[in-house]
Every structure is written in structure tokens, then in C-alpha cells.
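In: sequence first, then the predicted structure:
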Amino acid sequence: MTIFEAYNSTKQKLMKAGIEDYVFEAKQIIKHITGLNATAILTNYNRNLTEFQQNNLTALLRQREIRYPLQYIFGEWDFYGRPFYVGPGVLVPRADTETLVEAGLDYLKDKQGPKILDLCAGSGCIGITFACERKDSEVLMVEKFDEAINYAERNIHKNNATNSAIKKGDVFDSVEAEGSYDLIVSNPPYIAESEINEMSPETQFEPQTALLAKDDGLEFYKAIANNYKKALKNGGMLAFEVGFKQSEAVAEILKLAGFADIKFKKDLSDINRVVIGIYEF
């Protein structure tokens, strides 16, 4: 089987399995099993796969056809142009979450040596990205679950984010020191339990504790906005990633908690994906 034949066969199998972005995934799979970049694949499309590569492709597709996340199969995934270890126990890094990073970086552009707090950090892809993009920053990530903390620690080393750290904590009962942070960011669990049947098949393999939230998906937003606002410096910013149709409700939560200058940031699909607010006292 040539690389070209393998690519076409992979596309067909992924499409049949109901995977929406089957063309993109087929390209990623071929790059993964061959070790070639896109340019090299184009110039070597008539090269035959080795027996090992064919067996690897077969095994990989069997996992993907049952909708096991491609990111878990690979063991790592890029976020904001950097590689991150991922697997069972952490959410898959998603492109829409880069909107949260961009909003925070824009706010920090004129601040020197900013301190950043990332709550519900998971794999650490958000906090570590801030640490790498702003080498002068100090980033603390807080995560409740040991499995996720293990990934975050590995990702700190993988990306040489020496100005970041991860600590174990529950956002419902631990609060950082007052007036400490220029920016607090969070991509918390926000899927309402009533919406679980509307989730993609891949999410059944992701940790439910990182997806589901009570109070119609709003419990983390309320807790963080009210409990952590005092951890912000005067004029500091709180930025949330939010679910589809949640932006207005989260904006109201911020308003009731005393935040001002509340704004929305849209993702690649033109959906309000991030809600930000400034806290002044």
C-alpha cells in the first residue's frame, strides 16, 4: 500500500465512522505513522508503507473508529504552536481555547512581569502557554486531580516553562492571597448535566469531572468570580472560556460579583467563547 492509497483509505474509513473533520485527521494520521511532514508526503506519495507502518495504521484506525480521541492515540497535541502531552485524565486541547490565551495576552501586553493564575488547569496548556509567551511572567496553575497534575508537570518540562508551577487545589475551598495577580484565567467544567447526550462521542473518553458542572453548567463561574476576585490586583482581569450560549449568563455573574468593562471574545466559529471582566476596588 502506497502513502497515497493509505491516505485515501484512511479518509474513507474516518468518514464512514462519522468523523466530521476526516480530511484533516487523515492527513495527521499519515504524518504520524510515516514520520513525514506535509511536503515530504507530497513528494513521496508513491512510496510503499512498511509492514510496521501498515500494522500501526490498522491499529490506530480501529481506535479512532470507536471515536477514541485522536489526541489520546497520538499521546500529544499542539496548542498555540507547542506540543503538549495528553491522555485519559485531561481534556483534549482545543483550538477554540486559544481565544482565551489571546484575550489574556492582549490585556498583558503593556504590563511588566505579570503574575498569572490558571484555575482548573488540566494539562496545563493554558498556563504554560502564557509562561512561554511571556517569559517575564510568573504563572501558577491550580488543579484538583492527580492525573491532570502529572500531565501538567510533564508539560512544564516539555516546554521548558520554568516560570510556571502547578499545585493541587480545589477552587471551591482554596483562595490565593489578596491582590496577587494581574490576570486570572480559567477553562472550568461548564457542560450542564442535562446536555450530556448532546456531547460528541469522543467526550465519553474524557474525564467527566473536567466537563460537567452543576447549576446549568455555571457553578464554577460563580465560585471563581466571587471567591477569587480579591486575588486580583486593582484593575486586574478575570477571563473565562464559556460554553455555547453561556456568555450572557457568565457576563451577568461577573457583573453581580462587581466586575466592570465586561466584554466577549469570539472563537473561530464566531461564537462568544471568552468572557472577560475587570475588577477595581
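Out: Received it, and whenever you're ready, just let me know what you need.
In: host element of the closest residue to residue 74 other than its chain neighbours?
Out: Nearest residue to residue 74, sequence neighbours excluded (CB to CB, 6 or more residues apart in numbering): residue 32, at 6.0 Å. Backbone N, C-alpha and C define where each C-beta goes, glycine included. Residue 32 is part of helix 22-34 when elements are defined by DSSP states H and E.
In: so where do the strands sit in the stretch 101-250 of the chain?
Out: Ranges of strands within the stretch 101-250 of the chain are 115-119, 138-143, 164-168, 181-186, 191-192, 212-213, 232-241, based on DSSP state E, counting those that start in this stretch.
In: CSV for these, including mean pLDDT and distance to residue 266?
Out: As requested, those are exported to CSV (pLDDT from 0 to 100; distance: least, CB to CB, whole Å):
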stretch, mean pLDDT, distance to residue 266
strand 115-119, 97, 22
strand 138-143, 97, 25
strand 164-168, 96, 27
strand 181-186, 97, 17
strand 191-192, 88, 20
strand 212-213, 88, 22
strand 232-241, 97, 12
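In: residue 87: which of the ones you listed is closest?
Out: Residue 87 lies closest, by CB to CB, to one member of those: strand 138-143, at 15.0 Å.
In: identify all contacting residues around that closest one.
Out: With CB atoms under 8 Å, 6 or more residues apart in numbering as the test, strand 138-143 has contacts from 113-122, 124, 127-128, 130-131, 149, 152, 161, 163-169, 171, 174, 176.
In: before we move on, back to that, need the strands of the stretch 101-250 of the chain in TSV (columns: mean neighbour count).
Out: Formatted as TSV, the strands of the stretch 101-250 of the chain follow (neighbours: other CB atoms under 10 Å):
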stretch	mean neighbour count
strand 115-119	25
strand 138-143	25
strand 164-168	18
strand 181-186	25
strand 191-192	18
strand 212-213	20
strand 232-241	22
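In: do you know which of the ones you listed lies nearest residue 259?
Out: strand 232-241 (6.5 Å).
In: for the closest one, packing partners?
Out: Contacts defined by 3 or more CB pairs under 8 Å, 6 or more residues apart in numbering; DSSP states H and E place strand 232-241 against helix 98-108, strand 181-186, helix 219-227, strand 272-279.
In: name the helices or strands packed onto the second one?
Out: Packing contacts for strand 181-186, counted by 3+ CB pairs under 8 Å, 6+ apart, involve helix 98-108, strand 115-119, helix 125-133, helix 219-227, strand 232-241.
In: the fourth one: how far from the chain's middle?
Out: For helix 219-227, the gap between its own C-alpha mean and the chain's C-alpha mean amounts to 20 Å (CA atoms, centre = their mean, to the nearest Å).
In: now the longest one
Out: Taking CA atoms, centre = their mean, the mean C-alpha location of helix 98-108 is offset from the chain mean by 13 Å.
In: give the rounded mean pLDDT of that helix.
Out: Helix 98-108 carries an average pLDDT of 97.
In: residues making contact with that helix?
Out: 79-80, 114, 116, 126, 129-130, 133-134, 137, 182-183, 185, 187, 237, 239-241, 265-268, 273-274, 276.
In: try it again with 10 Å
Out: When contacts are defined by CB atoms under 10 Å, 6 or more residues apart in numbering, helix 98-108 is touched by residues 79-81, 114, 116, 118, 125-127, 129-130, 133-134, 136-137, 182-187, 236-237, 239-242, 263-268, 271-276, 278.
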